[in-house]
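# Quick one, fold the following:
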Amino acid sequence: MATKTNAMRLLDKNKISYQVHEYPCKEAIDGLEVAKKLDEDPSCVFKTLVTVAPSKNHYVFCIPANQELDLKKCARVVSEKSIAMIHVKELLPLTGYIRGGCSPFGMKKEFATIVDERIRQTERVYVSGGKLGLQIELLPNDLIQASKALVADVCKED
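Below is the predicted model of the structure:
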């Protein structure tokens with residue numbers, strides 16, 4: 001069993017049930033590779049992306065591994081003029097997580113979180129458990145509840 005991460009502690013505290021999936025991983029891999037390692041459909045493996053607006057507000061977006069973030073849609077959803085991905089070097093000091101191990105739960109600070117509406121099409125969803133090689137499987141509504149997320153269309157059109 002994996003060492004408890006902040007993500008797992010937050011889920012435990014909120015009495016949300018989840019399953020932990022571990023796989024060998026020495027460096028960050030993309031969501032599609034994670035889906036392969038889990039032998040899962042990439043549409044139910046969600047990646048966690050951290051962005052910043054000119055207002056200096058940060059926003060967290062969770063989208064399926066097989067999708068791309070539409071930054072214009074994202075900006076509209078959070079009522080900002082624009083949104084950009086943060087630099088990788090800012091991720092750890094800002095969230096407490098490293099690239100490839102960023103979970104929507106248990107960050108150093110609570111950020112506005114938006115989950116792509118495609119989550120409604122999945123029965124179970126996987127997100128990073130807070131470190132490389134660790135995924136958490138849970139119900140879509142539990143992910144939304146635990147991250148206090150807004151659900152919106154934030155991906156580029158297929």
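# Secondary structure class of the closest residue to residue 60 other than its chain neighbours, three-state.
Distances taken as CB to CB, 6 or more residues apart in numbering place residue 113 nearest to residue 60, at 4.4 Å, with adjacent residues excluded. Every C-beta, even on glycine, is put in place using the N, C-alpha and C of the backbone. Three-state assignment for residue 113 (DSSP: H, G, I helix; E, B strand; the rest coil): strand.
# State the number of residues packed around residue 113.
21 (other CB atoms under 10 Å).
# next one: the one 4 residues further on
Here the count is done by other CB under 10 Å, and residue 117 has 13 residues near it.
# quick one: buried residues of the host helix or strand of residue 59?
Here residue 59 is covered by strand 58-64, with elements defined by DSSP states H and E. For strand 58-64, burial by neighbour count (16 or more other CB atoms under 10 Å) applies to 58-64.
# counting contacts, what elements does the helix or strand that comes right after it pack onto?
Counting by DSSP H and E, the next helix or strand C-terminal to strand 58-64 is helix 71-77. Helix 71-77 is packed against strand 150-152, with contacts defined by 3 or more CB pairs under 8 Å, 6 or more residues apart in numbering; DSSP states H and E.
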